[in-house]
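Enquirer: got a structure for you, letters missing:
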Ligand SMILES: [Ca+2]
Ligand SMILES: [Ca+2]
Ligand SMILES: [Ca+2]
Ligand SMILES: [Ca+2]
């Protein structure tokens, strides 16, 4: 019992401690000077602690790091030239995402929490819409195609896709959380056993941390799974998560977890993400 109380207290302390902005200006990435130095579809890369995975939008071209400054963030920026997207691995309980953009083509889209824009749009046309329960605000010049996007709400998954689309200065506002929020059985590891606890109690109300309530809101739902994923494997499942709604518990997922748990060192990892 003492261990349980300690575990819950640790989780709540981690959640309430402080919030932070995860920020990247992409200056830490190498310039894509040749086709081989672009990020190929399906590959992942990390910039200032934020992980991106290249996904089709709708085509499977590569993502480049360009030094054009179209988005006016300064220096390097991401360049999605010919119809491609990036999914952004979200930390738990993220409440806001902002980024600068420039667009040379009206073929852009967002997917938030599994809901996508219904057709390709200009970024400016997304101003005022709601996607996946998240509001989209766009500030841009009426005469030029660049500006900034702010997404406000609980953001559990995000894909940004486009054609001739530049992105720079991407920030995520989220509380600092310790891996312990996803250690539901209190054994100081975040692994498949914790996933099983979440699965067993999925849908529960009046739930405690040991039942799978990572975020302390007394239920066991998809938000708690986001926390487990983030602390389990550096959001390794982000591609699936961001192009489709977060899957319900399933035998297939269980198999993935079991295999990953066997192959992966599951010691608690300290957060390595840059905070400003
Ligand atoms: Ca930059
Ligand atoms: Ca555990
Ligand atoms: Ca919860
Ligand atoms: Ca909840």
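Expert: Perfect, thanks for sending it. All values reported here derive from a predicted model rather than from experimental measurement. Ligands and ions are numbered 1, 2, ... in the order given.

Enquirer: Roughly how far does the residue lying closest to residue 39 once chain neighbours are set aside sit from residue 52?
Expert: Distance criterion Cβ to Cβ, 6 or more residues apart in numbering; nearest residue to residue 39, sequence neighbours excluded, is residue 63 at 4.5 Å. For every residue, glycine as well, the C-beta is placed using N, CA and C. From residue 63 across to residue 52, the span is 8 Å (Cβ to Cβ, to the nearest Å).

Enquirer: Next: residue 93.
Expert: Note on residue 93: its distance to residue 52, by Cβ to Cβ, is 20 Å.

Enquirer: Could you do residue 96 as well?
Expert: Separation of residue 96 from residue 52 (Cβ to Cβ): 18 Å.

Enquirer: returning to that earlier point: anything in contact with each of residue 63 and residue 52?
Expert: Common contacts of residue 63 and residue 52, defined by Cβ atoms under 8 Å, 6 or more residues apart in numbering, comprise 39, 78, 86.

Enquirer: Return the subset of those lying in helices.
Expert: Among the shared contacts of residue 63 and residue 52, DSSP state H puts none in helices.

Enquirer: ok, and the most crowded of these?
Expert: residue 78 (27 neighbours; other Cβ atoms under 10 Å).

Enquirer: Leaving out chain neighbours, which residue sits closest to that residue?
Expert: Spatial nearest neighbour of residue 78, chain neighbours left out: residue 167 (4.5 Å); criterion: Cβ to Cβ, 6+ apart.

Enquirer: Now that neighbour: which helix or strand?
Expert: Here residue 167, judged by DSSP states H and E, is contained in strand 158-175.

Enquirer: does that strand come close to ligand 1?
Expert: Yes - Strand 158-175 lies within reach of ligand 1 by Cβ under 5 Å from the ion, at residue 168.

Enquirer: For that strand, what does the pLDDT average out to?
Expert: Strand 158-175 shows a mean pLDDT of 96.

Enquirer: Just checking: what are the partner strands of it?
Expert: strand 19-24 (antiparallel), strand 77-88 (antiparallel), strand 94-103 (antiparallel), strand 109-112 (antiparallel) (DSSP bridges).

Enquirer: what about the third one, near ligand 1?
Expert: This means strand 94-103. No - for strand 94-103, no contact with ligand 1 is found by Cβ under 5 Å from the ion; the gap never falls below 8.5 Å.

Enquirer: quick one: buried residues of that strand?
Expert: By 16 or more other Cβ atoms under 10 Å, the buried positions in strand 94-103 come out as 94, 96-103.

Enquirer: now, which of those sits nearest ligand 3?
Expert: Distance to ligand 3, by Cβ to the ion, is smallest for residue 94 among the buried residues of strand 94-103, at 14.8 Å.

Enquirer: what about residue 139, neighbour count?
Expert: That count, for residue 139 with other Cβ under 10 Å as the rule, works out to 11.

Enquirer: what's the answer for residue 211, then?
Expert: The tally of other residues near residue 211 (other Cβ under 10 Å) stands at 18.

Enquirer: Next: the one 5 residues further on.
Expert: Using other Cβ under 10 Å, residue 216 has 18 neighbouring residues.

Enquirer: what's the answer for residue 34, then?
Expert: The local packing of residue 34 (other Cβ under 10 Å) involves 7 other residues.

Enquirer: quick one: contacts for the nearest residue to residue 213 once chain neighbours are set aside?
Expert: Spatial nearest neighbour of residue 213, chain neighbours left out: residue 207 (4.3 Å); criterion: Cβ to Cβ, 6+ apart. Contact partners of residue 207, counting by Cβ under 8 Å, 6+ apart, are 201, 213, 218-220.

Enquirer: Helix or strand for residue 207, just tell me which one.
Expert: Following DSSP H and E, there is no helix or strand that holds residue 207.

Enquirer: now it: how far from residue 198?
Expert: With Cβ to Cβ as the criterion, residue 207 and residue 198 are 10 Å apart.
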